[in-house]
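Chemist: Fold the stuff below for me.
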Amino acid sequence: MRRNQTVHDAVGQFASRDHSDKIFQLPFLYIAADTSDVMVATDPKLEDNYRWYNSGLTNKEDTKGEYAIEYLYRDSMSKDAILEYLSFYLIYACPEKREDQKEAKSPFTIFPRFHHPVW
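Modeler: This next block holds a predicted model:
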């Protein structure tokens, strides 16, 4: 990301990419961030697919001199957290075709936002 760009610039860059590349065909979580905000999407094709992934209404630095999104790297992207996401939270919905449909629904992924409890 270039200097002085925002999370919205990152989202726009994701949305404008060539989505025929293999990485965009996998069930995955796409993260866009700047120094104060984070947004995520499981389908990066449209800017409207991105949802806030902040730790509250406003992110605050936990450690003086750090960025407000340090939680993303310290907590959300730790090895243990990523393994937990893959095991319990990232849901891949397989293609499904009912008898009354001509074409199957496209597969998609679901991932809860940071502040949403998952039961």
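Chemist: what about Asp34, neighbour count?
Modeler: Other residues near Asp34 number 18, with proximity taken as other CB atoms under 10 Å. To be clear about C-beta, it is placed using only N, CA and C from the backbone, and glycine gets the same treatment.
Chemist: Make residue 1 into 6 and carry on from there
Modeler: Happy to do that; since the first residue is 6 now, the last one works out to Asp39.
Chemist: quick one: low-confidence parts of the protein?
Modeler: By pLDDT under 70, the low-scoring segments of the chain are 6-8, 32, 102, 117-124.
Chemist: Going by residue numbers, what spans are strands in it?
Modeler: Per DSSP state E, the chain carries strands over the ranges 35-38, 43-46, 56-57, 96-98, 113-115.
Chemist: Can I get those strands in CSV including mean neighbour count and distance to Thr68?
Modeler: Converted to CSV, these look like this (neighbours: other CB atoms under 10 Å; distance: least, CB to CB, whole Å):
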stretch, mean neighbour count, distance to Thr68
strand 35-38, 20, 17
strand 43-46, 23, 17
strand 56-57, 15, 22
strand 96-98, 13, 33
strand 113-115, 13, 32
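Chemist: so which of these comes closest to Met82?
Modeler: For those, proximity to Met82 was assessed by CB to CB; strand 35-38 is nearest, at 8.2 Å.
Chemist: Each with direction, which strands does that closest one pair with?
Modeler: Take DSSP bridges as the rule and strand 35-38 pairs in its sheet with strand 43-46 (antiparallel).
Chemist: Excluding its own residues, what touches the partner strand? List them.
Modeler: For strand 43-46, the external contacting residues (CB atoms under 8 Å, 6 or more residues apart in numbering) are 12, 15-16, 19, 34-38, 54-59, 64, 74, 77, 116, 118-119.
Chemist: Just the CA trace of it, in PDB.
Modeler: Backbone C-alpha positions of strand 43-46 (Å, rounded to 0.1, in the frame of the first residue of the first chain) are rendered in PDB as follows:
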ATOM      1  CA  VAL A  43      -9.300  -3.300   8.900                       C
ATOM      2  CA  MET A  44     -11.900  -4.700   6.500                       C
ATOM      3  CA  VAL A  45     -12.300  -8.300   5.400                       C
ATOM      4  CA  ALA A  46     -14.100 -10.200   2.700                       C
END
